[in-house]
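K.L.:
Sequence first, predicted model second:
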Amino acid sequence: MRVGLFITCLGDSLFPETGRATVEVLERLGHTVVFPAGQTCCGQMHANSGYEGEALPLVRGFVERFGGEDLDAIVAPSGSCVAMVRHHYPRLAAEAGDAALAADVGALAPRVFELCEFLADELGATDIGAYYPHRVVYHPSCHGLRMLGLGEAPLRLLRGVGGIELRELEEAESCCGFGGTFAVKNVDVSAAMLADKVRAVLDSGAEVCTATDSSCLMHIGGALRRGRTGVRTVHIAEILAAEEAR
Amino acid sequence: MTPSGGFPVAAREAVADSQLRANLRGATHAIRDKRAAAVAEVADWQELREAGRLIKERAMRHLDRHLEALEAAVVAAGGQVHWAGDAAAANRIVGDLVAATGSTEVVKVKSLATDEIGLNEALAARGIDALETDLAELINQLAGDTSSHILVPAIHRNRAEIRELFLRELPDPGELDETPGALAEAARRYLRERFLRAEVAVSGANFGVAETGTVGVVESEGNGRMCTTLPRTLITVMGIEKVLPRLTDLEVMLQLLPRSATAERMNPYTSLWTGVTPGDGPQEFHLVLLDAGRTNALRDEVGRQALHCIRCSACLNVCPVYERTGGHAYGSVYPGPIGAILTPQLADLDQGATLPWASSLCGACYEVCPVKIDIPTVLVHLRGKVIRREAGGGGAEDAAERLSMKAAAAAFATPRRYRLAQRVVLPVLRLLTGVPGLARIVPGPLAAWTSVRELPEPPRETFSDWWRGRS
Ligand code: SF4
C-alpha cells in the first residue's frame, strides 16, 4: 500500500521520534510511506477554540496536499488530529457552504486513520515484530476512544509486543485534563484532572506511560517530570517500532 | 464577562475545596457505575437513544403546531393555558393565579424551570411563601443555598452537614442521627403537615403531550405525587421544549430517563394528569408555557439540540470537569455539560460566555446522553459564536489570544511561513526549557502551563528536516 504520513504540526515540530517510529513500523510491514510536502497543521486548535474562520484555510490546505497524492490510506500518529479530519472537516466544509470542498473532504476523510486503528483494524495485524521489555501502562486518549472508537485496538497491538509487561490503569477512560487550550484557560480544573491521572499512572507501577496522542503525553509527561517521578511517557508508535537490540 | 473571567475563577475556588471535591467524587462515581450497569441491561439501548433523539428532533421541527395542539387539548380537558414570553411574564402569571386563590403559601415540586425564572423569590416579593418539598431542594431552601446538580440539588453536602442544618432549622427535628432514614423522616414530618393544608401547588413538567393534553412529572420521593393530587389548584410551569407530539412517545422517554438519571429500571413515581377530573385531584389546573430564550435557541441549527435535553443529569455525573468543580461554578440553574451549552443560549450569550470553555471536549457527556445531544460539537460551535461576537472586544487577555490565534493561522497558512515559524519558536522554547524556572515567569499561557507541568524539550531537528535528509 501507498500510505501517506500525516505527521501533525506537534509531531513534526516537537516529537519527530514519534514520526520516525511511525515510518519504521509501516515500512517494516512492507508499505511505501509517502510524506506529502508542505503539510502544516490540521486546524484543530483553531476549530476547537472558536476560530473556525481561521481553521478553514487549513482544511483546504490539508485537502490540497493529501488529495493531490495517489494514496491508499493516510495515517497519523494522533487520534485527535484524525478525529478532526474525519468528524469536523465535513461539518466545517458544510458550514462554510463550500460544496466542492465538502465533496473533496467526503472523498478523503474516510481514508484517514489513526496509526493503531490502521494497523489493528484495517490491516488486521497484531504482532508487528516489536520488542519492548518494560512495564507499560496505556492511557486511552479521549478523541481516539470516543470519536474514533479505537476500543481495544491499541491494547491488542501492545499485547503483541515481545517482553512487555502491561499494567492496569485505574479509571483509564477518565480524561487526563489536556483538552488543548483548556489546559491553560482552565488551568485549575485541568491540574486537578491531571493530578488524578498521574496518581493512577504511579499506582500502576509502570515505568512507561503510553498513549496514541503526543498532546496528552506532553501534558501527562510534563507533570511526571515536574514531580520527578522517574516515570516516562512514550508514544505507542515508538513502542511498536522498538526491536530487540541485535 | 469574557472567556477568561467567569467559570475559571469560580472553578479555582471550588477545586481548592477538598471537602467539596470528596463529596462530589463519591457521589458522581457511585451513580456513574450504577447507570452503566442499568444501561447495559438494555440490549437495544443505542436504538432507543436514536429513537429518543428523533422524537425530540421531530417535536422541535414543528414546535409551534405541537404547542397549539397541546393548548387545545388542555383546554378541552378543563385546564387553562397561559403563554409567558420571558421569566418576568411567567412570574407575574403565577403570582396572579396564586393571589386569586387567596392563598399565601404554595407547595412546590422540584422544578428547574421555576428555579430558572426565580419564581420563589418573585412570589416572596408578593408575600407568598413557596415551600420546596423535594428533600434536597428543601435542604437547599433551609440552608439559603442554591442547587448544584439538576437531579441531586444538594450533592455538594454530606449527611453530617444536613443533620446540623435540620437541627438548626426544622421546628421539631426530634432525636436526629446521620442515617438517611432518620434525616428523611424528619423532613417527612415537617412536610406532611404542609401538604395537608396547602391549597395551591406549583410544579414543573417533564413533558406535555400535544395529542392528549397530558402533562407529567417524574420523581422518586412521592412528594410530587402529593403536590399534584392534594391541593385544589395546580399551576405547572413548563418550558415549551418539553412538548411531545404523541402519548406513545412516552414509551421511549420513560425507558431512557430513569436508567440515565437514577439507574432505575422504572421511575418510582410517574404522575400524569390531563386537565381536571371533577371530584378527583386539583379542580383548577393552569399550564404556563415558558419561552424565556427557547425560540431564540431554536433559531440556531447547531445549538438547538440543547433543547432536546430531558434533564436526566447523566452528563453531569460523567463529566470530569463537573466532578472537580461541582455545580455552583457554572453560575446557573443548569450546571455541567448541559448547562455549558444551555445557559449561554437561554440567557444572554455574554452571561454564560466562559461556559463553552468549561470542558476538555473529552466527549464523555455525548457518550451517555440518552437523546444523543452532541454536546462537544455544540460547545465548539458556541465558542465560535462568542469569539465572533467579541471580535475587537473583551479584555487584554482575549485580545492577546486573538492575536496569537491569528498569528498561528498565518504561520500554518503556507509551508514556507510554517518552516520560518518553527525556526523562530523552537529556539525560544529551547531557551525556556534550558533555563530552569524561566518559563514560569513569562505571563500568559506559558505561566499557566508551567504552573503544574514542565515544557517539552524541543528536538534537534524536526521530522520534516529528518525526512529531507533521509531521501
Ligand atoms: S444533556 Fe443529555 S445527558 Fe445531559 S441532562 Fe440532558 S438529556 Fe441528560
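P.N.:
Looks like it arrived, so ask away. A quick note: this is a predicted structure, and the numbers were derived from the prediction, not measured.

K.L.:
Can you list phi and psi of the residue in the stretch 251-400 of chain B that chain A sits nearest to for me?
P.N.:
Using CB to the nearest CB, the point where the stretch 251-400 of chain B gets nearest to chain A is B:Ser360, with a distance of 2.8 Å. Where you see a C-beta, it was placed from the backbone N, CA and C, and this is true even at glycine. Phi and psi for B:Ser360, reported as degrees, to the nearest 10, are phi -90, psi 0.

K.L.:
Could you tell me the per-residue confidence at B:Asp172?
P.N.:
pLDDT recorded at B:Asp172 is 82.

K.L.:
ok, and the closest non-adjacent residue to the residue of the stretch 101-250 of chain B at minimum distance from the ligand?
P.N.:
Here the residue of the stretch 101-250 of chain B nearest the ligand is B:Ile150; by CB to the nearest ligand atom that distance is 6.4 Å. Nearest residue to B:Ile150, sequence neighbours excluded (CB to CB, 6 or more residues apart in numbering or on different chains): B:Ser313, at 4.8 Å.

K.L.:
contacting residues for the one you found?
P.N.:
B:Ser313 makes contact with B:149-152, B:260-261, B:336, according to CB atoms under 8 Å, 6 or more residues apart in numbering or on different chains.

K.L.:
ditto for A:Ala37
P.N.:
A:65, B:415.

K.L.:
again, only using 10 Å
P.N.:
Applying CB atoms under 10 Å, 6 or more residues apart in numbering or on different chains, we find A:Ala37 in contact with A:65, A:68-69, B:415, B:464, B:467-468.

K.L.:
Give me the neighbour count for the nearest residue to B:Thr133 once chain neighbours are set aside.
P.N.:
Among residues not flanking B:Thr133 along the chain, B:Asn223 sits closest, at 4.0 Å (CB to CB, 6+ apart). Neighbour count of B:Asn223, defined by other CB atoms under 10 Å in any protein chain shown: 25.

K.L.:
Report whether the expected contact of B:Asn223 with B:Arg188 is present.
P.N.:
Yes. With contact defined as CB atoms under 10 Å, B:Asn223 counts as touching B:Arg188 (9.1 Å).

K.L.:
Now do the shared contacts for these two.
P.N.:
The contact sets of B:Asn223 and B:Arg188 overlap at B:135, B:195 (CB under 10 Å, 6+ apart).

K.L.:
how close does the residue positioned nearest the centre of chain A sit to B:Lys34?
P.N.:
In chain A, the C-alpha nearest the mean C-alpha coordinate belongs to A:Ser78, at 1.6 Å (CA atoms, centre = their mean). Taking CB to CB, to the nearest Å as the measure, A:Ser78 falls 35 Å from B:Lys34.

K.L.:
One more: B:Leu135?
P.N.:
Distance check for B:Leu135 against B:Lys34: by CB to CB, it reads 19 Å.

K.L.:
Give me the next element, helix or strand, following the top helix by length along chain B.
P.N.:
Longest helix in chain B, counting residues (DSSP state H): helix B:18-40. Using DSSP states H and E, the next helix or strand after helix B:18-40 towards the C-terminus is helix B:45-61.

K.L.:
how about the residues of chain B near the ligand?
P.N.:
B:260, B:309-315, B:338, B:368-371, B:373 (CB under 6 Å from any ligand atom).

K.L.:
which other residues reach stretch B:412-421?
P.N.:
By CB under 10 Å, 6+ apart, stretch B:412-421 touches A:9, A:12-13, A:37-43, A:45-46, A:54-55, A:57-58, A:60-61, A:65, B:407-408, B:410-411, B:462, B:464-465.

K.L.:
let's see 8 Å
P.N.:
A:9, A:37-41, A:43, A:57-58, A:61, B:410-411, B:464.

K.L.:
and if you look at stretch B:226-234?
P.N.:
So stretch B:226-234 is contacted by B:97-98, B:101, B:103, B:106-109, B:133, B:195-196, B:198-203, B:217, B:271, B:273, B:281-286 (CB under 8 Å, 6+ apart).

K.L.:
rewinding a little: when B:Leu135 and B:Lys34 are compared, which one has more neighbours?
P.N.:
B:Leu135 (22 against 15).

K.L.:
Look up the closest residue to the residue of chain A found nearest the ligand, ignoring the ones flanking it.
P.N.:
Proximity of chain A to the ligand (CB to the nearest ligand atom) peaks at A:Arg146, 14.3 Å away. Closest residue to A:Arg146 apart from its sequence neighbours, by CB to CB, 6+ apart: B:Gly363 at 3.9 Å.

K.L.:
That neighbour contacts A:Ser141, correct?
P.N.:
No. B:Gly363 is beyond contact range of A:Ser141, at 10.8 Å (criterion: CB atoms under 8 Å).

K.L.:
Number of residues surrounding the residue of the stretch 101-250 of chain B closest to the ligand?
P.N.:
Residues lying near B:Ile150 (other CB under 10 Å) number 24.

K.L.:
Now for it: which residues touch it?
P.N.:
Neighbouring residues of B:Ile150 by CB under 8 Å, 6+ apart: B:112, B:311, B:313, B:316, B:333-336, B:338.

K.L.:
Next, the buried residues of stretch B:179-194.
P.N.:
For stretch B:179-194, the neighbour count (16 or more other CB atoms under 10 Å in any protein chain shown) marks B:182-183, B:186-187, B:190-191 as buried.
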